[in-house]
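Chemist: fold the following.
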Amino acid sequence: MGGFAAATAVRRVAEGRYAVELDGDFGIEQAINGGYSLAVMTRALLEDSPHPHPIATSASFLRVAKAGPAEVRVEPLKAGRTAAVARVTLVQNDQALVEALITTGTLDGDAAPVYSIEQEKLPPIEECLEFAPNNGFARQVDVRYDPATMGWLDGRPAGVPEMRGYLRLREPYEPDGILLALAVDALPPVVLNAGASGWAPTVELTWHMRAVPAPGRLAVHGRARLVSDGWFDEEIEVWDSAGRLVAQSRQIARVGRGR
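Modeler: Numbers count the residues shown, from 1 in each chain. Reported below is the predicted structural model:
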């Protein structure tokens with residue numbers, strides 16, 4: 001294994017307990033990305049789940065995860081024919097970092113939607129902006145951003161809390177439920193495009209896997225509905241290369257206060 005597969009690898013050390021090594025390249029400065037933490041936790045859960053797909057995840061972020069050894073603890077709560085539920089906790093230095101309830105199920109990869117909203121258009125990928133892959137998160141995750149949402153980089157935020165772009169890993173890795181867990185938290189905080197600055201820590205994030213993704217790049221669309229009193233929400237839609245909605249999320253986070 002290498003890259004994302006190695007960075008999310010888990011090793012069983014006891015019943016319901018898995019050793020992991022959190023990879024600092026999936027973080028910004030000293031903080032591990034929340035979506036990457038969820039991907040690791042999901043990988044551990046799927047080791048023993050009777051179902052292969054993380055249908056629904058509700059996670060509370062209690063402390064900042066750092067690069068290095070950690071442990072995932074899985075407590076099964078229900079195992080049914082159509083859904084299973086477990087409490088999954090990421091622990092480091094004997095402290096819980098992320099606490100999640102994850103429901104798994106089995107999705108039909110050939111299922112056609114009875115109804116679906118339409119995907120918002122993105123510019124052609126050759127017109128999108130890319131962070132140089134010279135360190136950290138950008139070295140692992142290739143995101144090509146819609147220029148209309150990236151004026152904040154030059155001190156010209158559009159004033160609208162939204163962000164969107166194309167996403168894939170820089171290594172060969174076709175999208176699955178574990179990558180979707182990363183994708184729903186892979187964009188910069190949408191409030192940057194509304195004039196905020198600094199780190200915007202996630203407090204709670206809920207995401208749903210809606211379909212088995214087709215191979216190829218993902219399209220990720222993010223927006224906020226309300227920024228107020230030091231808090232903002234962030235809604236994410238993830239679409240696959242076939243134009244299907246494959247994941248949705250909503251999180252509540254603190255507005256950054258600069259550095």
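
Chemist: just checking, Met150 touches Glu127?
Modeler: No: with contact defined as CB atoms under 8 Å, Met150 does not count as touching Glu127 (11.7 Å). In this view, the C-beta of every residue, glycine as well, is placed from N, C-alpha and C.

Chemist: who has more neighbours, these two?
Modeler: Neighbours of Met150 and Glu127, each counted by other CB atoms under 10 Å, are more numerous for Met150; the result is 21 against 10.

Chemist: what does the pLDDT read for Gly243?
Modeler: Predicted confidence (pLDDT) for Gly243: 96.

Chemist: wait, it sits on Ile117?
Modeler: No: taking contacts as CB under 8 Å, Gly243 lies outside contact range of Ile117: 11.3 Å.

Chemist: between these two, which one's more packed in?
Modeler: Shown here are Gly243 and Ile117; by other CB under 10 Å, Gly243 has more neighbours (11 against 8).

Chemist: mind listing what that one touches?
Modeler: Gln119 (CB atoms under 8 Å, 6 or more residues apart in numbering).

Chemist: packing partners for the lengthiest helix in the chain?
Modeler: When the chain is parsed with DSSP state H, its longest helix is helix 34-46. The contact analysis (3 or more CB pairs under 8 Å, 6 or more residues apart in numbering; DSSP states H and E) places helix 34-46 against helix 3-7, strand 17-22, strand 53-61, strand 68-79, strand 84-92, strand 95-105, helix 177-183, strand 202-209.

Chemist: and the longest one, what's buried?
Modeler: Within strand 68-79, the residues scored as buried using 16 or more other CB atoms under 10 Å are 70-74.

Chemist: any idea of the pLDDT on Ala132?
Modeler: On pLDDT, Ala132 comes in at 85.

Chemist: my read: it touches Val143, true?
Modeler: No: if you go by CB under 8 Å, Ala132 and Val143 don't touch, sitting 11.9 Å apart.

Chemist: which of those two has more neighbours?
Modeler: The residue with more neighbours, out of Ala132 and Val143, is Val143; 23 against 7, by other CB under 10 Å.

Chemist: contacts for the worst-scoring helix or strand of the chain on mean pLDDT next, please.
Modeler: For the chain, scoring each helix and strand by mean pLDDT, DSSP states H and E identifies strand 27-28 as the least confident one, at a mean of 85. Residues outside strand 27-28 that contact it (CB under 8 Å, 6+ apart) are 33, 36, 65, 67, 136-137, 199.

Chemist: swap in 6 Å and give it another go.
Modeler: Under the criterion CB atoms under 6 Å, 6 or more residues apart in numbering, residues 33, 137 lie in contact with strand 27-28.

Chemist: please apply the same query to stretch 36-55.
Modeler: 8, 10, 18, 20, 26, 65, 72, 74, 79, 84, 86, 88, 90, 98, 102-107, 177-178, 181-182, 209.

Chemist: kind regards, and thank you for your time.
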